[in-house]
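Novice: Just a sequence and a predicted model for now, questions to come.
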Amino acid sequence: MTDNVTHIPALRFGEAYKSMDTNDLGTVLKSGNSLEVSVVNAGIIRRDKLAIELARESLRKIPAETLLDYAEKASEIYLEDELAFGMNGETQTVADYVTALSGLTGLPHSLCRSNMFKVAAALKNIRAVLAGLTRGLPAELFDKGCARLGDIDMNFYPTADSLGVTLPSNSPGVNSLWLPALVMKTPVFLKPGREDPLTPYRIIQAMIQAGFPKEAFGFYPTTHDGGDAILLSCGRGIVFGSDATVKKYAKYSNIQVHGSGRSKVLIGKDMAEEWGKHLDVMVESVSANGGRSCINASSVLVPSHFDEIADALAQKLAVIEPCSREDENALLCGFANAEFAKMMDEAIDDALKTPGAVDLTAKYRSGPRLVEKFGQTFLCPTLIACRDPSHPLANTEYMFPFVSVVEMPQSEMLNVIGSTLVVSALTEDEGWMAELMASPDIDRLNLGSVPTNWVQWEQPHEGNLFEFLYRRRAIQAKTLKIA
Amino acid sequence: MTQTINQTDAVAATKEALDQYTRDMVQWHFSPETGCPYWLDWAKEAAWNPLTEVTCFEDMMRFENFDDEVLRDTDPARFIPAAFGDRPYNVFETGGTTGMPKQRIGWEDYKVDYSEFSDFYSDDFFPKGANWLMVGPTGPRRLRLAIEHLANVRGGACYFIDLDPRWVKGLIRDGDFDMARKYKEHVVEQAITILKGRDIGCMFTTPTILEAIAERISIPQAGIKGVFVGGTTMTPQYVRFLTEEVLEGQVNFAPTYGNTLMGLAISRPLTSEDNYSLTYYAPQPRAVLRIVDPKDSTKSMEYDEYGRVELTTMTKEFFMPRFLERDEAIRRRPCEHFPWDGVGDVRPFESTKKKVIEGVY
């Protein structure tokens, strides 16, 4: 029977390691094989970390310019090639990957592919990404530790011997965040999300095939303890999770925590009259990528025209309906865990018992919010019109197209948004733009009519990875040419 | 074929010996001349008479499951068998985080258990004459004296690093993982100091501490020839990891399952067919482990099925019928070394259904 199982191993410095502990991921492969993944114990990660110099040295030997070339090449390989997969010489085509990813995560094939493009674009645009992160410093900085900008020599040193990342399963595109670390000559220790070991595994295979040294990659499907081992033993860590995750790791300055995004569209007074022109931006902000990303808007704050905006947005969102996985027009994701969807549905209904908010989409939908269709469980787009800005649903995020529309004066918006990953501010009011740019609560600010999920490669996303992995040191010399 | 017949004979002979031993122990503990106040008083209230109605081990099913809270609430002196008169005794404690701990008294049992454990292993496994290091719970634990006895019967001395599991459990319960890690580092630091500064050839510790020590130094290069571990769940993958990586495939490894109430269950030497799955055998007849149906503990599970671990301890010093451990395990068949049932892949009871604080030391 073991012949009918495809096994995704852990990768220890790029070498496959088959653990005796496994997670059964079901029959999601086109081959008909069942899929399982190794689960390694935390001690394996800690022991591997002791040998991290092996991985660092493998990257040190290669000029950063060459690594950039490799990343660009990896983009095509990731997007098009048949790549190593499993333990027995098996391979994975793009179609295999998309089918399995959809089966595991509930993402329709169309969104699996758009996430693939996102990752591939991050690799393809790696030079722009790196330039954005380093503010245009030459890549040789990573070879020599120093670079010259204008008349100034600059010395940067790595703050971490490795980057540990515990990844989520909600959106494969999130893997684009750790990619630049390799070009910065920082090895990675990755803990894939339970439902998506496929994406980081495929990216690693593509990068190795493009030329990256396999020793630079640790891929450790593991337990919570193993996740802690990754975050606490690597010099720097990135973790994704809930508010509880944020709380757990908040005290560690070497760990960057990505909790709920609570991204928002803010409509300025100057644009409120023209809200209709921006409706599509709002729809995309809420519903792109099935509403799964932390960069999806979960609130729209309006200074006026509350009823019209909420009603029009609700109508637009309500027409997005579940489709089959294979449907090219599918925009909604099914839930890998139907119970999770039911819990969310019930939580929303419970919260609606508190006065001051109403599910406006309910009257435009053809059925209930929770739908069992095409062999999957879906939550249909939901817009909550919040008369009461303090309503429990006014600033809440769910993993499907869910948004609240809240009315408040523009002058109050920045006081109430709280920690927000992305703000798209629809305004041309220079005074307010200055206030927005000064707000400590906003991680990424989009100005003008752009959706919250808009990515400009030159801009850092969710923290500047270069600043996280490198620190500048004052360097002065009388006789030597430094850079 | 001959081996199978011999094995069958050995199992039958062991069962017969267990039945006889059970009769003897019940007579001892329920006779006024030799028994202890606790069980004699219990018998007065019981609606049946163990002295006449227990004729074999199967008759032990007449007893209800022993409630270990008794060991917390009752003065340990009530468990002194009359036959022991005024002989001084040891008080050992088990488990607990707060409040009155559970206590068991004893005289020589731990020596018997650990001498037997010693006899099972060859002179080379834990080299005779080598010194030992114990890194684990000392204090009121039976284990501290037991390991020292083991070192002594093999001709060595024993060094100790204490570890307070109650404190660690408290830290984990409170979510203070940083302090728990610091405490582990504190323990490991002390252990490494001894390993570097003294001539140590054998070690007892818990898997977690063993791992942590091996992250700091090479255990075989520190001169360790044999390691004896116990304390927490060891999945086959974990056993493989300890054997291949932590012990670098160069150190003899003796995993055990035990506690103050049972003594020490030895693990069958691993073969390639075991695929790193451990099977422990209780020190029968002094202690008997059954794998029982969690819904009806009088019923044993079939071989190769998971069930709850039930312990019966019967020595002249201590009698404890049918105590349900907080563990579950697979019922395994008798083997060449141990012609009675074993327990395999032990893990906390219902650990697949609920979160259990484990592996704390």
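Specialist: Here it is on my side, so go on.

Novice: C-alpha only now, for contacts and for neighbours.
Specialist: Fine.

Novice: so what's the residue in the stretch 51-200 of chain A positioned nearest to chain B scoring on pLDDT?
Specialist: Using CA to the nearest CA, the single residue of the stretch 51-200 of chain A nearest to chain B is A:Ala51, 10.7 Å away. The model reports A:Ala51 with a pLDDT of 97.

Novice: so what's it up against?
Specialist: Counting by CA atoms under 8 Å, 6 or more residues apart in numbering or on different chains, A:Ala51 makes contact with nothing.

Novice: again, only using 10 Å
Specialist: By CA atoms under 10 Å, 6 or more residues apart in numbering or on different chains, the contact list for A:Ala51 reads A:Phe13.

Novice: repeat for A:Thr420
Specialist: Residues near A:Thr420 by CA under 10 Å, 6+ apart: A:259-264, A:294-295, A:297, A:395, A:440-445.

Novice: Using PyMOL, make a named selection holding only the buried ones among these.
Specialist: In PyMOL syntax, the buried subset of the contacts of A:Thr420 is picked out as below (16 or more other CA atoms under 10 Å in any protein chain shown):
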select buried, chain A and resi 259+260+261+262+263+264+294+295+297+395+441+442+443+444+445
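
Novice: about what we covered before: so what does the residue of the stretch 51-200 of chain A closest to chain B look like in phi/psi?
Specialist: Phi and psi for A:Ala51, reported as degrees, to the nearest 10, are phi -100, psi 20.

Novice: now it: how far from A:His305?
Specialist: Separation of A:Ala51 from A:His305 (CA to CA, to the nearest Å) stands at 61 Å.

Novice: is it fair to say A:Ala147 lies in a strand?
Specialist: Yes: under DSSP: H, G, I helix; E, B strand; the rest coil, A:Ala147 sits within a strand.

Novice: And the pLDDT for it?
Specialist: Looking at A:Ala147, its pLDDT reads 88.

Novice: residues in the stretch 1-150 of chain A within reach of chain B, list them.
Specialist: By the rule CA under 10 Å from any CA of the partner chain, the part of the stretch 1-150 of chain A lying against chain B is A:18-22, A:39-44, A:46-50.

Novice: which of the residues in stretch B:151-164 are buried?
Specialist: In stretch B:151-164, counting by 16+ other CA under 10 Å, buried: B:151-154, B:156-164.

Novice: Same question for stretch A:213-224.
Specialist: Buried residues in stretch A:213-224 (16+ other CA under 10 Å): A:Pro213, A:Lys214, A:Glu215, A:Ala216, A:Phe217, A:Gly218, A:Phe219, A:Tyr220, A:Pro221, A:Thr222.

Novice: Arrange those residues in a markdown table, one row each, with pLDDT as further columns.
Specialist: As requested, the buried residues of stretch A:213-224 are exported to a markdown table (pLDDT from 0 to 100):
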| residue | pLDDT |
| --- | --- |
| A:Pro213 | 98 |
| A:Lys214 | 98 |
| A:Glu215 | 98 |
| A:Ala216 | 98 |
| A:Phe217 | 98 |
| A:Gly218 | 98 |
| A:Phe219 | 98 |
| A:Tyr220 | 98 |
| A:Pro221 | 98 |
| A:Thr222 | 97 |
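
Novice: Identify those among these that sit within helices.
Specialist: Here DSSP state H is the test, and the buried residues of stretch A:213-224 give no hits in helices at all.

Novice: Out of those, the closest to chain B would be?
Specialist: A:Thr222 (12.4 Å).

Novice: ok, now which ones touch the closest one?
Specialist: Contact partners of A:Thr222, counting by CA under 10 Å, 6+ apart, are A:10, A:21-23, A:37-42, A:44-45, A:166, A:190-194, A:228-230.

Novice: Near B:Pro269, how many other residues are there?
Specialist: B:Pro269 is flanked by 14 other residues according to other CA atoms under 10 Å in any protein chain shown.

Novice: and it, how far is that from chain A?
Specialist: From B:Pro269 across to chain A, the span is 19 Å (CA to the nearest CA, to the nearest Å).

Novice: Quick one: list the elements packing against the longest strand along chain B.
Specialist: Taking DSSP state E as the criterion, chain B has its longest strand at strand B:319-332. Under the contact criterion of 3 or more CA pairs under 10 Å, 6 or more residues apart in numbering or on different chains; DSSP states H and E, strand B:319-332 touches helix B:2-30, strand B:279-281, strand B:287-293, strand B:296-300, strand B:306-314, strand B:342-348.
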